[in-house]
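Student: Below: sequence and its predicted model.
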There are 2 protein chains.
Amino acid sequence: MSNYYIGVDLGGTKILTAISNDKGEILKKIKLPTEAEKGKDHIIDNIVKSIENVMKSVDADSEKIIRIGLGSPGPLNLEEGIIYTSPNLYWENVPVVKILEERIGIEVSLENDANAAALGEKWFGAGKGINNMIYMTVSTGIGGGIIIDNKILHGVNYGAGEIGHFIIEKDGPLCGCGNNGCFEAVASGTALNRKGKYLASMNPESLLYKLVDGDFNKIDGKVIAKAAEMGDKLALGIWADEAINLGIGIANLLNIFNTEMVVLGGGVMNAWELFYDEMMKTIKEYAFESVYNSVEIRRSVLGSDVGVIGAIAVAMEDRLLK
Amino acid sequence: MSNYYIGVDLGGTKILTAISNDKGEILKKIKLPTEAEKGKDHIIDNIVKSIENVMKSVDADSEKIIRIGLGSPGPLNLEEGIIYTSPNLYWENVPVVKILEERIGIEVSLENDANAAALGEKWFGAGKGINNMIYMTVSTGIGGGIIIDNKILHGVNYGAGEIGHFIIEKDGPLCGCGNNGCFEAVASGTALNRKGKYLASMNPESLLYKLVDGDFNKIDGKVIAKAAEMGDKLALGIWADEAINLGIGIANLLNIFNTEMVVLGGGVMNAWELFYDEMMKTIKEYAFESVYNSVEIRRSVLGSDVGVIGAIAVAMEDRLLK
């Protein structure tokens, strides 16, 4: 008679739901479209449907499900299980935990999606056995979760860990949050693409320009990586710059947290070889020696499953902390 | 029959030692010169002498002393009680805890001085009753201690909390640590003075220039404050700039830690009224709304005793955490 855990990774475009055994091994995974535009009740229906489907797939009745973990974009109130606002879901003040528990009859734990991902990497990914680590995801934006003594740093009202929004370049580029010079505004995939478009437009002789036939809208991380791999100096410079910006942001966090590990995820990591050396050089330059010497910088190993495996880690947390 | 605790604040120029009852109330305080240039053994002798003196002053024999807390500049190894290096003490790899315990026969706890100060403000100062707070001291440099769930954030090898050394201005002014644009390089008292000297030298018509009769070496925080209080636009601008830099650094930390309180100490705080409003405006601008709304920014209340009271808090920590 085995027990099960369920993880739900609630995103703006898709709901990824998985059921695991009590070792955290995924037995079945289901992807449904969120269809956020159809409204709150429809989203809830989709979540419930996905949960019922994974349960059916392993023939598990609800008594065998110990807990459901739900990873969601924030801001959230974890204690009360409320999603305050979520622009991608068009939600406001939805007591999602209460609603789901009433519908399904299984206890639900809510966690911020980036924190859930951090727990996923910590318990089942690159951070296994590590008690103090920073998880950072670099894609459209920069987010993350900070784990101290095996637990997420939440802050007094679940606002901690906004590692994309510390200023590293005073009066620097404008950020989506309205400030200038946030780490996210300088080092995210969006910042990288913007730089690529701008620099290509000024350098029509570059390979980057030629790869998109001058159509700058086609420039993204993939194209910039391709150009760099083909030896384009412009693209290589963009990655060197990205490496330095990532390195400064990571060193900032290390001088504050002195963790054993930093795990890096998100789309920008696909170009790992193009920035790793320069990033490490920058971290070494900006972090204190003992801090640099005691940290390992690793790439996320869970890939696009990090969210749903993280949600399972949220569900399993009581067990894992034993 | 009461019990006692002893705190020792070991600095480069003076040793401040105090004995308290089991409520942490100071019964006697003694200041001795460190005389660091006379070597390690002499400093140890001075520490021992100061401890014996405060014990004698309240007629306490060593069985009644529960523990001694020692606050010291770092880097340290707290677990093994070693001061690795201390430029001000000319020390290297001194097992200070073992040495003192053998000399005095009382258990000693070592803590980084900024962390000790944070504990002092948390248990006996501005942060009473607060479980999550950042203590920041702004004087020659910027240092601090971060308290999460009542305990200091130490990191994996006691390197956490170096809040003076995250980059807020990429390619900004050179810092003593060798990097450019550290929070300390931008917002410390040293940075403030440097700006005052530079700007006064370019503006001989300013009141700041006149107050020192053109002798820029005389310009310090006090003079810049005096000029500002007298309405000097140059000096007022320097404080406005300081306020913005402090505000950005504090907002950075709040977006990461989401604490209930920030306690600000150090010499620069003597000009509190000259920068407080603008600093708060900046924090509001750069911190997330819920993070800003849940934090209180307060001035240190322990003044120059913060180090020794902090050392007592270190000695009392087991009791305080009960």
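Tutor: Alright, I've got the coordinates. Numbers count the residues shown, from 1 in each chain, chains lettered A, B, ... in the order given.

Student: Kindly report the residues of the stretch 101-250 of chain A close to chain B.
Tutor: Residues of the stretch 101-250 of chain A lying close to chain B by CB under 8 Å from any CB of the partner chain are A:132, A:146, A:148, A:153-163, A:165-170, A:172, A:177, A:179, A:181, A:186, A:245, A:248. Where C-beta positions appear, they are placed from N, C-alpha and C, glycine not excepted.

Student: Take these and keep only those in helices.
Tutor: Taking DSSP state H, the ones among those that sit in helices are A:186, A:245, A:248.

Student: Adding pLDDT, distance to residue B:80 and neighbour count, write those out as TSV.
Tutor: Output for those, formatted as TSV (pLDDT from 0 to 100; distance: CB to CB, whole Å; neighbours: other CB atoms under 10 Å in any protein chain shown):
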residue	pLDDT	distance to residue B:80	neighbour count
A:186	97	39	27
A:245	98	37	26
A:248	98	32	26
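
Student: quick check, nearest of those to chain B?
Tutor: Nearest to chain B among these is residue A:248, at 5.2 Å by CB to the nearest CB.

Student: list the helices and strands whichever strand or helix holds residue A:227 packs on?
Tutor: Assigned by DSSP states H and E, residue A:227 belongs to helix A:221-229. Contacts defined by 3 or more CB pairs under 8 Å, 6 or more residues apart in numbering or on different chains; DSSP states H and E place helix A:221-229 against helix A:189-202, helix A:207-211, helix A:233-257, helix A:272-286.

Student: Any buried residues in that helix, and which?
Tutor: A:221, A:223-225, A:227-228 (16 or more other CB atoms under 10 Å in any protein chain shown).

Student: show me what contacts the residue in the stretch 201-322 of chain A that chain B sits nearest to?
Tutor: In the stretch 201-322 of chain A, no residue comes nearer to chain B than residue A:258, which is 2.4 Å away by CB to the nearest CB. With contact taken as CB atoms under 8 Å, 6 or more residues apart in numbering or on different chains, residue A:258 is in contact with A:132, A:291, A:294-295, B:154-160.

Student: residues touching the residue of the stretch 1-150 of chain A found nearest chain B, list them.
Tutor: Residue nearest to chain B within the stretch 1-150 of chain A (CB to the nearest CB): residue A:132, separated by 5.6 Å. By CB under 8 Å, 6+ apart, the residues touching residue A:132 are A:147-149, A:257-261, B:155-156.

Student: State the distance from it to residue A:92.
Tutor: For residue A:132, the distance to residue A:92 equals 35 Å [CB to CB, to the nearest Å].

Student: ok, residue A:54 - contacts?
Tutor: Counting by CB under 8 Å, 6+ apart, residue A:54 touches A:6, A:17-19, A:28-30.

Student: Now do the phi/psi pair for it.
Tutor: With angles defined as degrees, to the nearest 10, residue A:54 sits at phi -70, psi -30.

Student: Which residue in chain A shows the largest distance from the geometric centre?
Tutor: No residue in chain A sits farther from the centre than residue A:205, which is 36.2 Å out by CA atoms, centre = their mean.

Student: Now residue A:217: closest residue in space, sequence neighbours ignored.
Tutor: Closest residue to residue A:217 apart from its sequence neighbours, by CB to CB, 6 or more residues apart in numbering or on different chains: residue A:197 at 7.7 Å.

Student: residues contacting the closest residue in space to residue A:89 that isn't next to it in sequence?
Tutor: Leaving aside its chain neighbours, residue A:89 sits nearest to residue A:36 (5.0 Å; criterion: CB to CB, 6+ apart). Applying CB under 8 Å, 6+ apart to residue A:36 gives the contacts A:12-13, A:43, A:88-90.

Student: Quick check: residue A:36 vs residue A:91, distance?
Tutor: Residue A:36 is 8 Å from residue A:91, where distance means CB to CB.

Student: Can you work out which residues contact both of these two?
Tutor: Shared contacts of residue A:36 and residue A:91, defined by CB under 8 Å, 6+ apart, comprise residue A:43.

Student: Show me what counts as buried in stretch A:89-101.
Tutor: Buried-residue list, stretch A:89-101, by 16+ other CB under 10 Å: A:89, A:91, A:94, A:96-97, A:99-100.

Student: Going by distance to residue B:23, which of the buried residues of helix A:221-229 wins?
Tutor: Residue B:23 lies nearest to residue A:221 out of those, by CB to CB, at 59.6 Å.

Student: what's the burial count for the nearest residue to the closest one once chain neighbours are set aside?
Tutor: Leaving aside its sequence neighbours, residue A:221 sits nearest to residue A:189 (CB to CB, 6+ apart; 5.4 Å). Counted by other CB atoms under 10 Å in any protein chain shown, the residues lying close to residue A:189 total 23.

Student: Residue A:189 touches residue A:268, doesn't it?
Tutor: Yes. Judged on CB atoms under 8 Å, residue A:189 makes contact with residue A:268 at a distance of 4.9 Å.

Student: shared neighbours, the two?
Tutor: Common contacts of residue A:189 and residue A:268 (CB under 8 Å, 6+ apart): A:138-139, A:221.

Student: Switch the residues you listed over to CSV; also include pLDDT.
Tutor: Shown next, in CSV, are those (pLDDT from 0 to 100):
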residue, pLDDT
A:138, 97
A:139, 94
A:221, 96
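
Student: now the residues you listed in TSV, with distance to residue A:113?
Tutor: Below are these laid out as TSV (distance: CB to CB, whole Å):
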residue	distance to residue A:113
A:138	15
A:139	12
A:221	21
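
Student: nearest to residue A:67, of those?
Tutor: The shortest approach to residue A:67 among the shared contacts of residue A:189 and residue A:268 belongs to residue A:139, at 28.7 Å (CB to CB).

Student: For that closest one, grab the count of nearby residues.
Tutor: When neighbours are defined as other CB under 10 Å, residue A:139 has 16 of them.

Student: Please work out which of the helices and strands packed on helix A:221-229 is packed deepest.
Tutor: helix A:233-257 (a mean of 23; mean count of other CB atoms under 10 Å in any protein chain shown).

Student: and it with helix A:272-286, angle?
Tutor: With axes from the mean of the first three to the mean of the last three CA atoms, to 10 degrees applied, the angle from helix A:233-257 to helix A:272-286 works out at 50 degrees.

Student: Could you report the neighbour count for the residue in the stretch 51-200 of chain A that chain B sits nearest to?
Tutor: Minimum separation of the stretch 51-200 of chain A from chain B (CB to the nearest CB) falls at residue A:155, amounting to 2.4 Å. Residue A:155 has 24 neighbours, counted by other CB under 10 Å.

Student: how about the nearest residue to it, chain neighbours excluded?
Tutor: Nearest non-adjacent residue to residue A:155, counting by CB to CB, 6+ apart: residue B:258, 2.4 Å away.
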